[in-house]
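Colleague: Kindly return the folded structure for what I paste below:
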Amino acid sequence: MPAAHDKPERQVVMIIDDEPMVIQSIKNFLTLETDYEVLAFTSPLEALTALQARPVDVIISDYLMPDLNGIDFFLRAKDIQPQATRVLLTGYADKENAIKAINDVGLYQYIEKPWENEDLRLVIRNAIEKRQLLKRLEAKVAELDQASSDLKGLYADLLRAFK
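Modeller: Okay, here's the model as predicted:
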């Protein structure tokens with residue numbers, strides 16, 4: 001029987017939209033059809049507070065919201081959790097904002113409302129896969145850094161031993 005720490009991590013998806021019906025629709029779909037933990041917010045400011053308290057894998061945000069638009073939300077979210085994959089969901093699609101979102105916040109995907117649930121599921125799955133690949137890459141880079149440091153220490157020891 002695997003130990004508790006061997007249990008695979010449950011991926012966390014955060015949804016932010018000022019329309020409660022949109023939030024509930026996506027949350028219900030993901031809760032019924034996936035194993036993801038879903039965090040839902042109608043206020044981007046509350047979502048930013050939550051991001052400071054716990055890590056998330058994917059953030060899906062509406063573009064037009066009263067307190068903060070989706071791009072400005074992602075700029076702040078990127079400062080808090082740069083590794084979270086960001087997806088913009090909007091009914092207000094324009095080329096200028098799409099380009100700004102991609103360039104300024106490192107947006108992973110841009111989805112227009114109304115969305116197809118299966119398309120949304122695929123985008124989230126791919127976003128989580130990207131996030132997991134980046135985590136593994138970061139772990140391998142850390143291992144390589146440690147191995148390099150160890151080799152430098154051995155080399156210094158060898159030099160001292162043969163002087």
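
Colleague: ok now do the closest residue to Ile80 other than its chain neighbours, which residues does it touch?
Modeller: Spatial nearest neighbour of Ile80, chain neighbours left out: Leu51 (4.6 Å); criterion: Cβ to Cβ, 6 or more residues apart in numbering. Bear in mind the C-beta positions are built from the backbone N, C-alpha and C, glycine included. By Cβ atoms under 8 Å, 6 or more residues apart in numbering, Leu51 lies in contact with 14, 59, 77, 80-81, 84.

Colleague: what residue ranges in this protein are flagged as low confidence?
Modeller: In the predicted model, the chain carries pLDDT under 70 at residues 1-8, 93.

Colleague: if we can go back for a sec, kindly provide the distance from the residue nearest to Ile80 to Leu144.
Modeller: For Leu51, the distance to Leu144 (Cβ to Cβ, to the nearest Å) stands at 29 Å.

Colleague: What of Ala161?
Modeller: 26 Å.

Colleague: between those two, who's got more neighbours?
Modeller: Leu144 (10 against 7; other Cβ atoms under 10 Å).

Colleague: Can you say which helix or strand has that one in it?
Modeller: Here Leu144 sits within helix 117-161, counting by DSSP states H and E.

Colleague: Show me what that helix is packed up against.
Modeller: Judged by 3 or more Cβ pairs under 8 Å, 6 or more residues apart in numbering; DSSP states H and E, the packing partners of helix 117-161 are helix 20-33, strand 58-62, strand 85-90, strand 109-112.

Colleague: Give me the residues contacting the first one.
Modeller: Surrounding helix 20-33, the residues in contact under the criterion Cβ under 8 Å, 6+ apart are 13, 15, 17, 36, 38, 40-42, 60, 62, 89, 113, 117, 120-121, 124.

Colleague: With that, I have no additional questions.
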